[in-house]
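Undergrad: pasting the structure only:
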């Protein structure tokens, strides 16, 4: 029934998990998208958006809780926006992620498929990330109870952005995403800066000093901490000195001076305060130098499994030439180089290619070539004539998938095998559909990199048709 401009729907059963961490219900044949519910919940809904083909609603009352539901382990569940599936058992999460892969390939790619392999779950479902970024703000997110109390409340926060609110930060007590000493470092920095009265940044007025704290941990035990502030002053050395003293295990302690309107620092200098300017990662006997701006898969253990899946599918022979598209810092390319005659890695981010060359030298790999540039401009017939036509192409594009010019280049490449690694099965399916006339899908392997989220990686092997 309706109340004013809002629509109240009573005793609605949540049916299934949808994309972006939402769930699906139905009313009079129309789909309703709802957050923070579990399939099997029976709820009353308040519709806040109505479109021609669907509605969006929020829960205002629970009648029956799903038998699948479990108690979320994090006190910030439902507020910070991360780990949205905590209320689902992990085995149920994996079922829905596998189904997401299947649905996208069937509905978007619309090609004959082999039986999809069981999804590879993450061995760690907590403390699995090796990198977190925390934001300082003088606009702490306040609960309804805090607002109604009328009390004089602390406004400073160090934590994560509230979804769809760039100006509000959830103050984090404990985060279950990154292992020790991440929580201890964040807590120490918050307490020391509050005690000293240092001004937290105001993203609306661009006033204040403290902006961002990045913590990176490596499988080798090495640790990087980066503090981002709006300007340099005498307090900076004092604060960094206290962090160094409290956490002598820090391998790399760095800082960034950022007077821009946002926290991105790829275009800024990162200064070393103490230790070395990088940390070292190790994966399956290979070593990787990780600097403050380096990309490295954030779930290290599961990344190793993902790369092994890709290399196994590629079935690289000693005489074969491999192209690795969107190579990043060359991590997967160096896995491939141990089997191939040569690997050519292409990446549009130039600093990543610089890291790739450094990592190849660290691993004594001479059968690699890396090149920076827009891949749609690099991967031409002339390029393949100059560097050789590949027998195997590995591609791991960003969430948007491949540009149609890149897909067209793959279509005409003549490569015997294409291994498509994707963090977005929908755009992967779209690209596969464009390749379907010349390439057939022969193996599909979903891999879960991010427990308690809706995200899923998927690896497909495509083989050139006879």
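TA: Sure, I can see it. Treat the numbers as computed from the prediction; the structure is a model and nothing was measured.
Undergrad: from now on I want contacts and neighbour counts done on CA atoms only, so please keep to that.
TA: Noted.
Undergrad: residues contacting the helix or strand encompassing residue 303, please?
TA: Per DSSP states H and E, residue 303 falls inside helix 300-314. Applying CA atoms under 8 Å, 6 or more residues apart in numbering, the external contacts of helix 300-314 come out as 122-123, 128-130, 219, 283-284, 297, 332, 335-336, 392, 394, 417-419, 421, 443, 445, 447-449, 459, 461.
Undergrad: now the element after it, going C-ward?
TA: strand 321-325.
Undergrad: which secondary structure elements does that following strand contact?
TA: helix 331-337, strand 342-347, strand 392-395 (3 or more CA pairs under 8 Å, 6 or more residues apart in numbering; DSSP states H and E).
Undergrad: pull up the pairing partners for it, direction included.
TA: The strands beside strand 321-325 in its sheet (DSSP bridges) come out as strand 342-347 (parallel), strand 392-395 (parallel).
Undergrad: by how many degrees do the helix holding residue 303 and strand 321-325 diverge?
TA: Relative orientation of helix 300-314 versus strand 321-325 (axes from the mean of the first three to the mean of the last three CA atoms, to 10 degrees): 140 degrees.
Undergrad: any idea how far helix 300-314 is from the chain center?
TA: Taking CA atoms, centre = their mean, to the nearest Å, one finds the center of helix 300-314 at 17 Å from the center of the full chain.
Undergrad: return the set of buried residues in that helix.
TA: Buried residues in helix 300-314, counted by 16 or more other CA atoms under 10 Å: 300-311, 313-314.
Undergrad: select only the buried ones of the contacts of helix 300-314 in PyMOL?
TA: Applying 16+ other CA under 10 Å to the contacts of helix 300-314, the buried members can be selected in PyMOL as follows:
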select buried, resi 122+128+129+130+283+332+335+336+392+394+417+418+419+421+443+445+447+448+449+459+461
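Undergrad: so which of the contacts of helix 300-314 sit within helices?
TA: Of the positions in the contacts of helix 300-314, 332, 335, 336 sit in helices, assigned by DSSP state H.
Undergrad: save the residues you listed as JSON lines, and put in distance to residue 413 and pLDDT too.
TA: Below are the ones in helices among the contacts of helix 300-314 laid out as JSON lines (distance: CA to CA, whole Å; pLDDT from 0 to 100):
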{"residue": "332", "distance to residue 413": "21", "pLDDT": "96"}
{"residue": "335", "distance to residue 413": "22", "pLDDT": "97"}
{"residue": "336", "distance to residue 413": "19", "pLDDT": "97"}
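Undergrad: show me what the lengthiest strand in the chain is packed against.
TA: The longest strand of the chain (DSSP state E) is strand 54-64. Packing partners of strand 54-64 (3+ CA pairs under 8 Å, 6+ apart): strand 30-34, strand 42-50.
Undergrad: re earlier: distance to residue 245 for the strands paired with strand 321-325 - can I get that in TSV?
TA: As requested, the strands paired with strand 321-325 are exported to TSV (distance: least, CA to CA, whole Å):
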stretch	distance to residue 245
strand 342-347	39
strand 392-395	44
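Undergrad: and residue 32, which of the ones you listed is closest to it?
TA: The closest of the strands paired with strand 321-325 to residue 32 is strand 392-395. By CA to CA, the value is 35.4 Å.
Undergrad: just after the closest one, pick out the following helix or strand.
TA: Following strand 392-395 in sequence, per DSSP H and E, is helix 404-411.
Undergrad: wait, residue 128 touches residue 175, no?
TA: No. Counting by CA atoms under 8 Å, residue 128 does not reach residue 175; the two are 11.2 Å apart.
Undergrad: show me the contacts for residue 113.
TA: Contact partners of residue 113, counting by CA under 8 Å, 6+ apart, are 106, 441, 442, 443.
Undergrad: rewinding a little: tell me the mean pLDDT for the helix holding residue 303?
TA: Averaged across helix 300-314, pLDDT comes to 97.
Undergrad: before we move on, what about stretch 444-463?
TA: Stretch 444-463 comes out at a mean pLDDT of 97.
Undergrad: straight-line length of it, end to end?
TA: Start-to-end span of stretch 444-463 (CA to CA, to the nearest Å) is 12 Å.
Undergrad: can you pull out the strands in the stretch 51-200 of the chain?
TA: Taking DSSP state E, counting those that start in this stretch to define them, one finds strands in the stretch 51-200 of the chain at 54-64, 131-137, 157-162, 165-171.
Undergrad: those strands: which one's closest to residue 326?
TA: Of all the strands of the stretch 51-200 of the chain, it is strand 131-137 that lies closest to residue 326, at 20.8 Å by CA to CA.
Undergrad: shaky segments in the stretch 51-200 of the chain?
TA: When residues are selected by pLDDT under 70, those of the stretch 51-200 of the chain lie in 150-151.
Undergrad: tell me where it has helices.
TA: Along the stretch 51-200 of the chain, counting by DSSP state H, counting those that start in this stretch, helices occupy 90-104, 144-149, 182-196.
Undergrad: hang on, the earlier thing: got the strands of the stretch 51-200 of the chain as CSV, with distance to residue 11 and mean neighbour count columns?
TA: What follows is these, written out as CSV (distance: least, CA to CA, whole Å; neighbours: other CA atoms under 10 Å):
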stretch, distance to residue 11, mean neighbour count
strand 54-64, 7, 16
strand 131-137, 39, 22
strand 157-162, 29, 24
strand 165-171, 30, 19
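Undergrad: compare these and give me the one nearest residue 465.
TA: With CA to CA as the criterion, residue 465 lies closest to strand 54-64 of those, at 40.1 Å.
Undergrad: pipe the strands paired with strand 321-325 into a markdown table and attach mean pLDDT per row.
TA: As requested, these are exported to a markdown table (pLDDT from 0 to 100):
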| stretch | mean pLDDT |
| --- | --- |
| strand 342-347 | 97 |
| strand 392-395 | 98 |
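Undergrad: which among those is found nearest to residue 6?
TA: For the strands paired with strand 321-325, proximity to residue 6 was assessed by CA to CA; strand 392-395 is nearest, at 46.5 Å.
Undergrad: just say which of the helices of the stretch 51-200 of the chain is most tucked in.
TA: Stretch with highest mean neighbour count among the helices of the stretch 51-200 of the chain: helix 90-104 (a mean of 18; mean count of other CA atoms under 10 Å).
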